[in-house]
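In: This is a predicted model, with the sequence first.
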Amino acid sequence: MAADADALKQAVCDRVDQLADVLIDASHQIHANPELNYEEHFAHGLLTDLLAAQGVEPVRHAYDLATAFDSSYGSGGPVVAVLCEYDALPGVGHACGHNIIATAGLGAGLAAAAVADAAGGTVRIMGTPAEEGGGGKVRMARKGAFDGVDAAMMVHPADADLIRMDCLAIQELAVHFHGKAAHAAAAPWEGRNALDAAVLGYMNLAAMRQHIRPDERIHGIFTHGGDKPNIVPSDAAMDWYIRSGTIARLQDLKARVHTGLEAAATACGCTMSHEWIDNVYAEMVDNGPMVASYVANAARVGRAVADPSATGKVVMGSTDMGNISYLVPSIHPMIQVAPDGVPIHSVEFARHARSEAGDKAVLDGAKAMAMTVVDLWCSADLRTATAAAFDTRPRGVPVL
């Protein structure tokens, strides 16, 4: 890497250090005010006010979403987007550490903006709501948010520093079984039991689990099972998550799930209605050259980022960042905030998201990403390799 790029990297790290108190305070404030999908009004206001205070005027309520934002700094050159997530989980708050994602992204974007003119690039700092099932990035992408973006990145907290999360494609399914009510003692033969249909559907899918691929998952709950024991249930409802290693294979698994549930309805003399909930999440297609740049830059701040394939340390989940990785070259590395073995989406992980280690992840993640932005701006070879790797992604699969 050229000497000027090294100087720019030092400059972005220095800028993160200058912003450290602001970033950590913002992380703590978001952590203390957890908000669910599309309700992130506090975080949206806090982050956009901080952008404006630092001279990067944001577009608030962007892309017809009340809690999305977008901002840009630079006057040309490669356009690199740094993404911020800030929604929380019901009951356990920021147990996925999105307060860290938001503020590491903010720090990286502001640091990159400080050198954008010197580097000849443009940085986009984007607030993407509702990752926890709401598909905010997908809805933003449909409105053109990622048009003209050359690369995108974010970091995600975990119990280890990893080059990626092993992300599964996922879609949610809402199912309703419709039967016929009757007195359960006086004339049960007059009824058609929708709860029986739901239970049989559950058993059908439980049996199916023996015969799906290792990277596929089917898991669901009953959301309604009747109103009173002496009334044959005329209605029952379930919610299901269906996951697969790729969005292409997900389509086949969805068809099998639907068949198993519909067969249960038929067997019980009931009918079934269903809805595939927007938005489907694609698997994450991590861009190899960008990953390598991030790993080298993370090493500069003292983090050894491992490959899960080599270490066996895997963090698995689903994210709408997968959809973006089909649209532009993208990375989604994991940054350690908790001791090994503490799972995300747990109460214990939420505590670590506001710990000293969590604060360090905000600053280290901001620095590593900002330096990776510098690499993309300054290295034509990296941009060429990034584009070539992106061209090998799966084609012909709808992700929006």
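Out: Great, that's in hand.
In: contacting residues around the residue lying closest to E39 once chain neighbours are set aside?
Out: Leaving aside its sequence neighbours, E39 sits nearest to T67 (C-beta to C-beta, 6 or more residues apart in numbering; 7.1 Å). Every residue, glycine included, has its C-beta placed from N, CA and C. T67 makes contact with 38-41, 43-44, 61, 127, 129-130, 136 under the criterion C-beta atoms under 8 Å, 6 or more residues apart in numbering.
In: Tell me the buried residues within those residues.
Out: The neighbour count (16 or more other C-beta atoms under 10 Å) marks 38-40, 43-44, 127, 129-130, 136 as buried among the contacts of T67.
In: Can you give me the buried ones in stretch 195-213?
Out: In stretch 195-213, counting by 16+ other C-beta under 10 Å, buried: 195-202, 204-205, 208, 212.
In: could I have stretch 341-357 exported to CSV, CA atoms only?
Out: Taking C-alpha atoms only, stretch 341-357 is exported to CSV below (Å, rounded to 0.1, in the frame of the first residue of the first chain):
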residue,chain,number,x,y,z
GLY,A,341,-19.2,-19.2,24.5
VAL,A,342,-21.6,-16.3,25.2
PRO,A,343,-24.2,-16.5,22.5
ILE,A,344,-25.8,-13.6,20.8
HIS,A,345,-29.5,-13.0,21.6
SER,A,346,-28.9,-13.8,25.2
VAL,A,347,-29.3,-11.6,28.3
GLU,A,348,-25.7,-12.1,29.1
PHE,A,349,-24.6,-10.9,25.7
ALA,A,350,-26.7,-7.8,26.2
ARG,A,351,-24.7,-7.0,29.3
HIS,A,352,-21.4,-7.4,27.4
ALA,A,353,-22.7,-5.0,24.6
ARG,A,354,-22.4,-2.2,27.2
SER,A,355,-19.1,-3.3,28.7
GLU,A,356,-15.6,-2.1,28.4
ALA,A,357,-15.0,-4.8,25.8
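In: Can you get me the centre-to-centre distance for that stretch and its chain?
Out: Taking C-alpha atoms, centre = their mean, to the nearest Å, one finds the center of stretch 341-357 at 17 Å from the center of the full chain.
In: begin at 13 from here
Out: Will do, 13 is the new start, and the previous item becomes stretch 353-369.
In: mind listing what's buried in stretch 304-316?
Out: Here stretch 304-316 shows 304-307, 309-310, 313, 315 as buried, counting by 16+ other C-beta under 10 Å.
In: correct me, but D371 touches D37?
Out: No: in terms of C-beta atoms under 8 Å, D371 does not count as a neighbour of D37; the distance is 9.9 Å.
In: These two: which is more packed in?
Out: D371 (20 against 14; other C-beta atoms under 10 Å).
In: Which secondary structure element is home to the more buried one?
Out: Assigned by DSSP states H and E, D371 belongs to helix 368-390.
In: Tell me where the chain has helices.
Out: 15-30, 32-44, 53-65, 110-131, 148-154, 206-220, 259-279, 300-312, 320-323, 333-339, 359-364, 368-390, 392-402 (DSSP state H).
In: isn't Y253 right next to E184, touching?
Out: Yes: at 5.7 Å, Y253 and E184 qualify as touching, with contact defined as C-beta under 8 Å.
In: what's the offset of stretch 22-29 from the middle of its chain?
Out: The answer for stretch 22-29 is 27 Å, by C-alpha atoms, centre = their mean.
In: what does stretch 367-380 give?
Out: 19 Å.
In: Now the one residue sitting closest to the centre of the chain, what are its backbone angles?
Out: Geometric centre of the chain, nearest residue: T331, 3.0 Å, by C-alpha atoms, centre = their mean. Recorded main-chain torsions at T331 are phi -150, psi 150, according to degrees, to the nearest 10.
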